[in-house]
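> Here you go, sequence then predicted model.
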Amino acid sequence: MPEVIGVDHIYVSVSNIERSQVFYDKLFLGALKFRKSNFVLAGDPHVQYYNRHFGYVLRQGARGGAA
(Lines give C-alpha, C1' and ligand atoms only; values in the text may rest on other atoms or scores of the structure.)
Protein backbone atom coordinates (compact mmCIF):
# COMPACT_ATOMS: atom_id res chain seq x y z
CA MET A 1 0.00 0.00 0.00
CA PRO A 2 1.39 3.46 -0.87
CA GLU A 3 2.30 5.84 1.91
CA VAL A 4 0.06 8.92 2.25
CA ILE A 5 2.26 12.02 2.46
CA GLY A 6 -0.35 14.79 2.30
CA VAL A 7 -3.73 16.05 1.21
CA ASP A 8 -4.09 17.91 -2.10
CA HIS A 9 -7.56 19.40 -1.66
CA ILE A 10 -10.80 19.14 0.27
CA TYR A 11 -14.34 19.82 -0.99
CA VAL A 12 -16.86 21.19 1.53
CA SER A 13 -20.60 21.46 0.88
CA VAL A 14 -22.13 24.59 2.40
CA SER A 15 -25.75 25.65 2.83
CA ASN A 16 -25.13 29.18 1.52
CA ILE A 17 -22.07 29.71 -0.67
CA GLU A 18 -22.29 33.53 -0.63
CA ARG A 19 -22.49 33.72 3.16
CA SER A 20 -19.76 31.11 3.56
CA GLN A 21 -17.38 33.16 1.41
CA VAL A 22 -17.53 36.01 3.94
CA PHE A 23 -16.24 33.67 6.66
CA TYR A 24 -13.66 31.84 4.52
CA ASP A 25 -12.35 35.04 2.90
CA LYS A 26 -11.33 36.26 6.36
CA LEU A 27 -9.69 32.95 7.24
CA PHE A 28 -7.95 32.00 4.00
CA LEU A 29 -7.29 35.37 2.37
CA GLY A 30 -6.60 37.30 5.56
CA ALA A 31 -4.94 35.02 8.08
CA LEU A 32 -3.46 32.31 5.84
CA LYS A 33 -2.69 34.38 2.69
CA PHE A 34 -4.24 31.86 0.27
CA ARG A 35 -5.38 32.79 -3.23
CA LYS A 36 -8.98 32.55 -4.39
CA SER A 37 -10.70 31.51 -7.61
CA ASN A 38 -14.32 31.00 -8.61
CA PHE A 39 -15.41 28.41 -11.14
CA VAL A 40 -18.48 26.52 -12.31
CA LEU A 41 -18.45 22.72 -12.45
CA ALA A 42 -21.45 20.82 -13.84
CA GLY A 43 -23.48 24.03 -13.59
CA ASP A 44 -22.71 24.53 -9.87
CA PRO A 45 -20.67 27.47 -8.54
CA HIS A 46 -17.48 26.60 -6.62
CA VAL A 47 -15.04 28.78 -4.70
CA GLN A 48 -11.47 27.59 -4.29
CA TYR A 49 -8.92 28.83 -1.76
CA TYR A 50 -5.43 27.55 -2.48
CA ASN A 51 -1.69 27.86 -2.10
CA ARG A 52 1.21 25.83 -3.54
CA HIS A 53 0.44 22.84 -1.33
CA PHE A 54 -3.26 22.70 -0.61
CA GLY A 55 -6.74 23.61 -1.89
CA TYR A 56 -10.01 24.07 -0.01
CA VAL A 57 -13.11 24.18 -2.21
CA LEU A 58 -16.62 25.33 -1.26
CA ARG A 59 -19.60 24.01 -3.18
CA GLN A 60 -23.28 24.65 -2.74
CA GLY A 61 -24.96 21.77 -0.91
CA ALA A 62 -28.17 20.20 -2.15
CA ARG A 63 -31.23 22.33 -1.48
CA GLY A 64 -33.86 20.83 0.80
CA GLY A 65 -31.84 17.80 1.92
CA ALA A 66 -28.46 16.33 2.63
CA ALA A 67 -25.58 17.19 0.31
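Right, received. Where do you want to start?

> measure residue 25 to residue 17 for me?
12 Å (Cβ to Cβ, to the nearest Å). Every residue, glycine included, has its C-beta placed from N, CA and C.

> likewise residue 31?
Per Cβ to Cβ, residue 31 is found 20 Å from residue 17.

> More neighbours: which of the two?
Higher neighbour count among residue 31 and residue 17: residue 17, with 18 against 8, using other Cβ atoms under 10 Å.

> thought residue 15 was touching residue 62?
No - Residue 15 is beyond contact range of residue 62, at 9.6 Å (criterion: Cβ atoms under 8 Å).

> So, low pLDDT: which residues of the chain?
For the chain, the stretches with pLDDT under 70 are 64-67.

> Please, where are all the strands along it?
With strands called from DSSP state E, the chain shows them at 9-14, 35-41, 44-50, 55-60.

> Direction included, what does the first one pair against?
The reference is to strand 9-14. strand 55-60 (parallel) (DSSP bridges).

> tell me the angle the partner strand makes with strand 35-41.
Angle, strand 55-60 to strand 35-41, by axes from the mean of the first three to the mean of the last three Cα atoms, to 10 degrees: 40 degrees.

> which other residues reach strand 55-60?
Outside of strand 55-60, the residues within contact range by Cβ atoms under 8 Å, 6 or more residues apart in numbering are 8-14, 16-17, 20-21, 24, 28, 34, 41, 44-50.

> Swap in 6 Å and give it another go.
9-14, 17, 20, 44, 46-49 (Cβ atoms under 6 Å, 6 or more residues apart in numbering).

> what angle sits between it and strand 44-50?
Inter-element angle recorded for strand 55-60 and strand 44-50: 160 degrees (by the same axes, to 10 degrees).

> ok now strand 55-60, how far from the chain's centre?
Relative to the centre of its chain, strand 55-60 is centred 2 Å away, using Cα atoms, centre = their mean, to the nearest Å.

> Which residues in that strand does the neighbour count mark as buried?
Across strand 55-60, burial judged by 16 or more other Cβ atoms under 10 Å covers 55, 56, 57, 58, 59, 60.

> Would you quantify the distance from the fifth one to residue 18?
Looking back up the chat, that one is residue 59. For residue 59, the distance to residue 18 equals 13 Å [Cβ to Cβ].
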